[in-house]
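**Student:** For reference, the sequence and a predicted model appear below.
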Amino acid sequence: MRGPHNIWRLIRTGATFQRTGAMGAALDAMNAPPRVRAAARIMGWPFAWLGYAGDPALPPITRAITALGPAYIKFGQILSTRPDVVGEGMAQQLRMLQDRLPPFPTEVARAVISSELGAPVESLFSEFSQPVAAASIAQVHQARRADTGAQVAVKILRPGIEAAFRRDIDAFHLAAGMIERLSPASRRLRPRDVIRHFESVVSGELDLRLEAAAASEFAENTKGDKGLSVPLPHWPICARRVLASDWADGIPMADVAAIRAAGHDTRALAERLIRLFLSHALRDGFFHADMHQGNLRVAHDGDIVIFDFGIMGEIDEYTRRVYAEILYGFIQRDYHRVARVHFEAGYVPADRDMAQFSRALRSVGEPIFGADASRISMANLLAYLFEVTERFGMATRTELILLQRTMVVVEGVARSLDPQINMWAAARPVVEQYIRSSLGPRAAVRDGMRVLQALGRHGPQLSELVDRQIDRLSRPPLDVVVQKPSYPLIWVAGLLGIGALMGAAFF
């Protein structure tokens, strides 16, 4: 990871930032300490002539990142979700990054398909178009299956992209380690964890079988959601570097004028988009984490079509419950409840002052209520909430950062459809429904039944476990007086055994 090629890659990075004029802006945005600034200048200024020139029409930072290639573009997009690391100004610039790149030749795409699927393209598809979209990792072709006649989208990884990402990620790891050594204060932001998170996201995108599995799971979770359509993968034409799925017909979500001209209610679409996203995050704990306009369409029947499942978010059930309570507490303006939930969940250290934390949360929530609908922003609330909790010692949680980043994107898409949308009014039914189903008496009974089921499954092992433990405790070392068996342990084991019997009776 510390080889000469990684050091050379960092030098080329610094040189490109210097040549494009992005170096000073990047260091200022991150409020970099003197030692980090000096190291960056050393890696940039003497070698500026070796840097990439980039597109002079772009702002300096996006110009430098775009010039450095796909891994840097993806990393910039991930950093746009971390204003705590790069500063709000730079985060705003990075959100404008696009990963549209020139397509690679169709002949190369056909060769990849033949190699991955073990059959010539002509035997798989009766029609196969030129590229219809090209991004940093893959490109898409429209095709028709030869066996069924179904129209499909065929996604193909760029040749050599895996090796290119591996080289750049190794260099990122080296840079993160250098930053932590040069600036101990930066360790609070956990640069190495940021790189590990980025690596895990990209690794998922570089195996299209995982994307097909994510699409399949997402479709299964959401099959009962009205007004939503999910293109399904065609498994016989899926491999590590090739993915075929239903062709997603419809009007691009970015073309609001065409959506209105087709007679669709943009206000209803905006509300449905917010509610669908929150349902997937809270109800399923598995959500599409790249819901920008390019991955959304409106079908002729008004359904919202979601595709491209390369980046997905996942939240465990306990965390979903905690954050539903937090969100509901904000909706109810019950800041003491929100504070208490943070402390009970262990998100904020127990030695902090709950009353002060509650007042800090009030400073987050109150400015939002009573504001004009166009100024009410759940995304901003989440951002402010993370800022406050960080001040009180809450550790960064990458799954919640991904949730917040996606909320920003979804909210932006919803506002493009209806600038006056009231985010609280749109979100409230979903949050209240989740609270009723997950935190009420029925949920408590359901949780109790799960415990009994678990006890029932492990019941046959309990007696053996207790016997071994008693034998261990009653057999002393050679130089120790004989000990009596642990009666509290027997008592607890007896209770577990009763629980197991109850579980067996129920199930």
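**Tutor:** Everything's here; your move.
**Student:** Please make it C-alpha for all contacts and neighbour counts, starting now.
**Tutor:** Will do.
**Student:** part of a strand, is residue 297?
**Tutor:** Yes - counting by DSSP: H, G, I helix; E, B strand; the rest coil, residue 297 is part of a strand.
**Student:** Test of understanding: give the bridge partners of it.
**Tutor:** Beta bridges link residue 297 to residue 252, residue 305, judged by DSSP bridges.
**Student:** Any regions of the stretch 51-200 of the chain where pLDDT drops low?
**Tutor:** Along the stretch 51-200 of the chain, segments meeting pLDDT under 70 span 81-88, 96, 98-100, 182-190.
**Student:** what does the longest strand out of those in the chain contact?
**Tutor:** For the chain, the longest strand by residue count, based on DSSP state E, is strand 125-134. Contact with strand 125-134 is made by 100-103, 106, 139-147, 149, as judged by Cα atoms under 8 Å, 6 or more residues apart in numbering.
**Student:** Is it possible to mark the buried ones in these?
**Tutor:** For these, a burial check counting by 16 or more other Cα atoms under 10 Å picks out 100, 101, 103, 139, 140, 141, 142, 143, 144, 145.
**Student:** Return the distance of the fourth one relative to residue 103.
**Tutor:** Applying Cα to Cα, to the nearest Å, the value for residue 139 to residue 103 is 7 Å.
**Student:** ok, so of the buried ones among the contacts of strand 125-134, who is nearest residue 7?
**Tutor:** Proximity of those to residue 7 (Cα to Cα) peaks at residue 101, which lies at 26.3 Å.
**Student:** and that closest one, how far is that from residue 460?
**Tutor:** Applying Cα to Cα to residue 101 and residue 460 gives a distance of 59 Å.
**Student:** Contacts only, for residue 325.
**Tutor:** 338, 341, 435.
**Student:** Residue 352 against residue 391, yeah?
**Tutor:** No - proximity of residue 352 to residue 391 does not meet the contact threshold set by Cα atoms under 8 Å, at 10.6 Å.
**Student:** how about the longest strand of the chain: buried residues?
**Tutor:** Neighbour-count burial for strand 125-134 flags 125, 126, 128, 131, 134 (criterion: 16+ other Cα under 10 Å).
**Student:** Likewise for stretch 235-248?
**Tutor:** Result for stretch 235-248 [16+ other Cα under 10 Å]: buried residues 237, 238, 239, 240, 241, 242, 243, 244, 245, 246, 247, 248.
**Student:** Quickly find the element holding the fourth one.
**Tutor:** In this structure, residue 240 is located outside every helix and strand according to DSSP states H and E.
**Student:** May I have the phi/psi pair for it?
**Tutor:** The phi/psi pair for residue 240 (degrees, to the nearest 10) reads phi -60, psi -40.
**Student:** now swap in the third one and tell me
**Tutor:** Dihedral angles phi and psi of residue 239 (degrees, to the nearest 10) take the values phi -150, psi -170.
**Student:** Any figure for the gap between the nearest residue to it once chain neighbours are set aside and residue 156?
**Tutor:** Leaving aside its chain neighbours, residue 239 sits nearest to residue 209 (5.7 Å; criterion: Cα to Cα, 6 or more residues apart in numbering). As for residue 209, its distance to residue 156 is 11 Å (criterion: Cα to Cα).
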